[in-house]
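[1] I'll drop the sequence and a predicted model, then ask my questions.
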Amino acid sequence: MRGFPFQGLYAITDRTLCGNHLTERVAQAIAGGARVIQYRDKTRDHARRRAEAEALLALCRAHGVPLLINDDVALASTIGADGVHIGREDGALADARAALGPRAIIGVSCYDRFGIAEQAVADGADYVAFGRFFPSRSKPQAVQAHLELLHRARRELPCPVVAIGGITAQNGQPLIEAGADLLAVIAGVFGHPDVTATARRISQLFQTHSEITA
């Protein structure tokens, strides 16, 4: 299992945006500095999803980048992924931990609710995610989260904090300054023709922040 990074771009796949070039586009995101990859596919084509996840796992292993599976604990267990990301309708964290083992990375969606994050940490989450922070093409109806969540999480939570929702290279810097350790991005990476360059611009936001605060 790969350890969860403490900072950087967290790229989340999208079948509509990646199409039949999923592995190629993820490789481009990694080349641009992506520190985590999440395989997200809500379709019911189990055979295709397994084949794609296995291909991504081989790619991520080659580059030392953890691969997490969105929602699907069974798929993560079957292919030996580094972990899962779960939301409010995806089962209990304890069940995911029992299925995947103590070394698996388990992240939890906390939306705009700090209490969910506190409980997730108490239950053993490896990271928590808040959002959406900006209008999102992937989840247009998602609840609005505010920067104070990130400020508070930085002060009170002992785990990495992920910001998600409509994030781009143009709007991500305030989230990092407010306390986000990682920026989870879908369309802001895979919705661009040059995935590598776009991923690199987002990754550079963290370097800029480090230089400013040094």
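    Nice, I can see it. Remember, it's a predicted structure, so these values are computed and weren't measured experimentally.

[2] For the rest of this, base every contact and every neighbour count on C-alpha atoms.
    OK.

[3] Strands along the chain, start to end?
    Under the criterion DSSP state E, the chain contains strands at 8-12, 36-39, 67-70, 83-86, 105-111, 127-130, 161-164, 182-185.

[4] Helices of this structure, start to end?
    15-18, 22-31, 46-63, 73-79, 93-100, 114-122, 147-156, 173-178, 187-190, 195-213 (DSSP state H).

[5] hmm, back to that, just put the strands of the chain in CSV and tack on distance to Q119 and mean neighbour count.
    Shown next, in CSV, are the strands of the chain (distance: least, CA to CA, whole Å; neighbours: other CA atoms under 10 Å):
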stretch, distance to Q119, mean neighbour count
strand 8-12, 23, 27
strand 36-39, 23, 26
strand 67-70, 20, 26
strand 83-86, 14, 27
strand 105-111, 10, 24
strand 127-130, 10, 26
strand 161-164, 14, 27
strand 182-185, 20, 28
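
[6] Which among those strands is found nearest to Q207?
    strand 8-12 (9.1 Å; CA to CA).

[7] Each with direction, which strands does the closest one pair with?
    As defined by DSSP bridges, the strand partners of strand 8-12 come to strand 36-39 (parallel), strand 182-185 (parallel).

[8] Quick one: residues in contact with the first one.
    Identification of contacts with strand 36-39 by CA atoms under 8 Å, 6 or more residues apart in numbering yields 4-5, 9-14, 26, 53, 60, 65-70, 85.

[9] Quick check: which of the helices of the chain is buried the most?
    helix 187-190 (a mean of 26; mean count of other CA atoms under 10 Å).

[10] Show residues contacting it.
    11, 13-14, 17-18, 25, 29, 137-138, 166-169, 195, 198-199.

[11] Quick check: pLDDT value at S138.
    In this model, S138 is scored at 78, pLDDT.

[12] which ones are touching it?
    186-187.

[13] 6 Å instead, please
    By CA atoms under 6 Å, 6 or more residues apart in numbering, no residues touch S138.

[14] on that earlier part again, let's have the strands of the chain in TSV, adding distance to L93.
    Below are the strands of the chain laid out as TSV (distance: least, CA to CA, whole Å):
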stretch	distance to L93
strand 8-12	20
strand 36-39	17
strand 67-70	13
strand 83-86	8
strand 105-111	8
strand 127-130	12
strand 161-164	17
strand 182-185	20
